[in-house]
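Undergrad: give the three-dimensional model of this entry:
(one chain, ligands or ions: 1)
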Amino acid sequence: MASADSGGLAVVGLNKTFGSLTALSDVSFEVGAGEIFGFVGSNGAGKSTTMRIILGVLAANSGEALFDGRVIDADIRRRIGYMPEERGLYPKMKVGDQLVYLARLHGLSASDAADATAYWTQRLGVEARIRDNVGDLSLGNQQRVQLAAALVFAPDVLVLDEPFSGLDPVAVDVMSEVILEKSRDGVPVLFSSHQLELVQRLCDRVGIIAKGRMRALGAVDELRARGGVRLRIDAPNAPHGWADTLPGVVRADYGGETVLQVDGSHDDQRILTAALATGPVHAFASATPDLTEMFREVVTAQ
Ligand SMILES: Nc1ncnc2c1ncn2[C@@H]1O[C@H](COP(=O)(O)OP(=O)(O)OP(=O)(O)O)[C@@H](O)[C@H]1O
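TA: Just a heads-up that it's a prediction; the model follows:
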């Protein structure tokens, strides 16, 4: 993993309150240069608040955000491509004019701004709408323009708040490709999402935040391995609670099939024997949890 000190982004010990509400408690993580970091958590967990603090839209009570080892100031902020949750484009301004304006604001010459606008609108499939007002576009196309706005000045960092929400599958693919490409260019990419299969597929590392606290942090595979083994047992006659007292069973979910979270002391043959004692067993398999299962466990384990 690249260090957050060389071209990486880091937040260190962020605390934020809104009146009596604690929105963030000691949140820290790093996104190395070229790394894609997925920020996941339930609604209201603190993802947007963290991103707003990175961008200086909100001030933290304590803690800091760093890029390349330096506290993020106005100069560094100009190098961050940000897609805010509350989408910040002017609805009555034309797509092309707006992108050129933003590129110029970030220091591009008039001709470079025009070239970058042409490139990104084409890449994101909105080149036909370049002369339309942003407000006249569908929400998905507005989002594509919003991503173009974050990219048009060749940012050194990307901070994207739910970039995939509301996109059609083709746009999801384009957005994924762009994120991967920027990371290959060495840009640290931080994005939030509730689409955990996408996060699992795209991200080098993830952070799971719940009620303002970072509950799990690491590479997706590492977190999945840390989550231990799951046994999936299809024993349709087994009564609820049948596996609760078996050694090595840490947690049991009894749905259509039984899913057991087990630790190193479990004996799968003993568990299989116990399952067979309840009646027929149609399936018995072990697997590591996916990110969605990890997420559920982390978020409900409070
Ligand atoms: N300006 C504000 N004033 C008061 N409370 C706020 C403000 N902004 C955020 N909050 C609260 O802080 C907490 C964290 O909110 P935040 O928007 O960061 O969550 P989130 O993880 O981005 O959620 P979502 O997935 O729903 O977008 C929530 O309880 C929210 O209501």
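
Undergrad: the stretch 1-150 of the chain: strands as residue ranges?
TA: Using DSSP state E, counting those that start in this stretch, the strands found in the stretch 1-150 of the chain span residues 9-18, 21-31, 36-41, 62-67, 70-71, 80-83.

Undergrad: contacts only, for residue 38.
TA: For residue 38, the contact set (C-beta atoms under 8 Å, 6 or more residues apart in numbering) comprises 191, 192, 193, 199, 202, 203, 205, 206, 207. For glycine as for every other residue, the C-beta is placed from the backbone atoms N, C-alpha and C.

Undergrad: so the last one touches residue 39, yeah?
TA: Yes. Counting by C-beta atoms under 8 Å, residue 207 does reach residue 39; the two are 5.5 Å apart.

Undergrad: contacting residues for the residue nearest to residue 241 when sequence neighbours are not counted?
TA: The spatial neighbour of residue 241 that comes closest, neighbours along the chain excluded (C-beta to C-beta, 6 or more residues apart in numbering), is residue 254 at 7.2 Å. Under the criterion of C-beta under 8 Å, 6+ apart, the contact partners of residue 254 comprise 238, 240, 241, 242.

Undergrad: with pLDDT, secondary structure and distance to the ligand added, can I get these in a markdown table?
TA: Written out in a markdown table, the entries for the contacts of residue 254 read as follows (pLDDT from 0 to 100; DSSP: H, G, I helix; E, B strand; the rest coil; distance: C-beta to the nearest ligand atom, whole Å):
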| residue | pLDDT | secondary structure | distance to the ligand |
| --- | --- | --- | --- |
| 238 | 95 | coil | 37 |
| 240 | 95 | coil | 33 |
| 241 | 95 | coil | 34 |
| 242 | 96 | coil | 37 |
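
Undergrad: ok, which pair from the residues you listed is furthest apart?
TA: In terms of C-beta to C-beta, these reach their longest pairwise distance at 238 and 241, which sit 9.1 Å apart.
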